[in-house]
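*Asks:* give the three-dimensional model of this entry:
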Amino acid sequence: MKIKEIMAVDVATLDPEDSVEEAARLMRDADVGCAPVVSDGVVLGVLTDRDIVVRAAAEGLPLKTAKVLEILTPGVVHCGEDDDVNEAARLMAEYQIRRVIIVKRDNTLAGILSLADIAARASEAAKVLADVTRPSPPREGRAASAPEPAGDEAESSLRGAGVSETGDLPTAGRAHIDSLVRRELSAVETYQQALAKVGREPAGDELRRIEHEHEEAVDLLLEKLRRCGDPPPKSSGLWGAWSKVFEGTALILGSKAAIRALKEGEEHGLHNYEYALRDEVLDPEVKALIRSKLLPQTRAHIPALDRILQTVR
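*Replies:* Okay, the predicted model is just below:
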């Protein structure tokens, strides 16, 4: 079944130039906790009620004049309207979210698919619901802001048989490494998009350094996949879905929004690595790589981006 057959098309949306007060009023009247932020049909990100509280009210921003663009959560987990419903269900389970933004082939907004939409029709709804509502593991160092307040970015563990006696990675273990590779590839794409906007600013050199570290992470993880004879991933997948927010919208997003998107992506990546270390099926060599290099590297990126945020306008 295609997503467009069951998705909701009547969606409350916000303009990036709307005031925070206008956004709060719209969300109240529509009785929604989040709304896509759309410019010329293209989804720049989402605004949640938590964003309004944490990024606006708690920071003392003037709600009548502060713009949605200043506090939105860049990036969205999304599917195409012609994708199968099972793909949306997979993303809901992976990211523990209850709704997915749906886009057309030109990346403009098509609608929203919710867990309730799937539950009414899909035979696997009970399994998806169990995955989505499973308590998330603790997230040390997680920033206050998030795409949704209920642990939306928690990634489900891939569990199965242990490492075989031959040393080959089991299927679930390979899938988990593949997921980590795709996220690092998407991180590289995201930094390249961000550099196209702020690369000439003083922060450019530091962003290039971080981007090169993500490229190195891709190479190291790909080496582990090649050891078990698996081909590299065909696509980068989603790094908190942040890379897509820059595609075609870099001139709309301000530099601070771009850096903030990178920081949220790094926080998501940090959680991914911490959670991978709890996965019983993951190869011990991969865990050692995460502990010794990839996790410390990702942790260091977050304060580096905080410092950059203090310098960009």
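*Asks:* SS state for Ala79?
*Replies:* Check again: residue 79 is Cys, not Ala. Secondary structure assignment for Cys79 (DSSP: H, G, I helix; E, B strand; the rest coil): strand.
*Asks:* scratch that, Asp82 is what I was asking about
*Replies:* Per three-state DSSP, the secondary structure class of Asp82 is coil.
*Asks:* make 384 the starting number, not 1.
*Replies:* In the new numbering, first residue 384, that becomes Asp465.
*Asks:* burial check on it, number of neighbours?
*Replies:* If you count neighbours by other CB atoms under 10 Å, Asp465 ends up with 12. Every C-beta, even on glycine, is put in place using the N, C-alpha and C of the backbone.
*Asks:* also Asp662?
*Replies:* Considering only other CB under 10 Å, Asp662 is surrounded by 17 other residues.
*Asks:* which helix or which strand is home to it?
*Replies:* Element membership of Asp662, judged by DSSP states H and E, is empty: it is in no helix or strand.
*Asks:* Leu590 now?
*Replies:* Secondary-structure element containing Leu590, defined by DSSP H and E: helix 587-610.
*Asks:* buried stuff in that helix?
*Replies:* Residues of helix 587-610 classed as buried: 589-590, 593-594, 596-598, 600-601, 603-605, 607-608, 610 (neighbour count, 16 or more other CB atoms under 10 Å).
*Asks:* nearest to Ala413, of these?
*Replies:* Nearest to Ala413 among the buried residues of helix 587-610: Leu590, at 37.0 Å, using CB to CB.
*Asks:* check contacts around the closest residue to the closest one other than its chain neighbours.
*Replies:* By the measure of CB to CB, 6 or more residues apart in numbering, the closest residue to Leu590 outside its immediate chain neighbours is Leu578, 5.6 Å from it. For Leu578, the contact set (CB atoms under 8 Å, 6 or more residues apart in numbering) comprises 587, 590-591, 594.
*Asks:* please identify the helix or strand for Leu578.
*Replies:* Mapping Leu578 onto the secondary structure by DSSP H and E places it in helix 554-581.
*Asks:* and that helix, what's its mean pLDDT?
*Replies:* With pLDDT averaged residue by residue, helix 554-581 scores 76.
*Asks:* again with stretch 432-446
*Replies:* Per-residue confidence for stretch 432-446 averages out to 86 on the pLDDT scale.
*Asks:* check which residues of it are buried.
*Replies:* Buried residues in stretch 432-446, counting neighbours by 16+ other CB under 10 Å, are found at 432-439, 444.
*Asks:* how far does it sit from its chain's centre?
*Replies:* Its chain's C-alpha centre lies 21 Å from the corresponding centre of stretch 432-446 when counted by CA atoms, centre = their mean, to the nearest Å.
*Asks:* which SSE is immediately downstream of the helix or strand bottoming out on mean pLDDT in the chain?
*Replies:* Ranking every helix and strand in the chain by mean pLDDT, DSSP states H and E puts helix 625-629 at the bottom, with a mean of 49. With elements assigned by DSSP H and E, the helix or strand that comes after helix 625-629 is helix 638-659.
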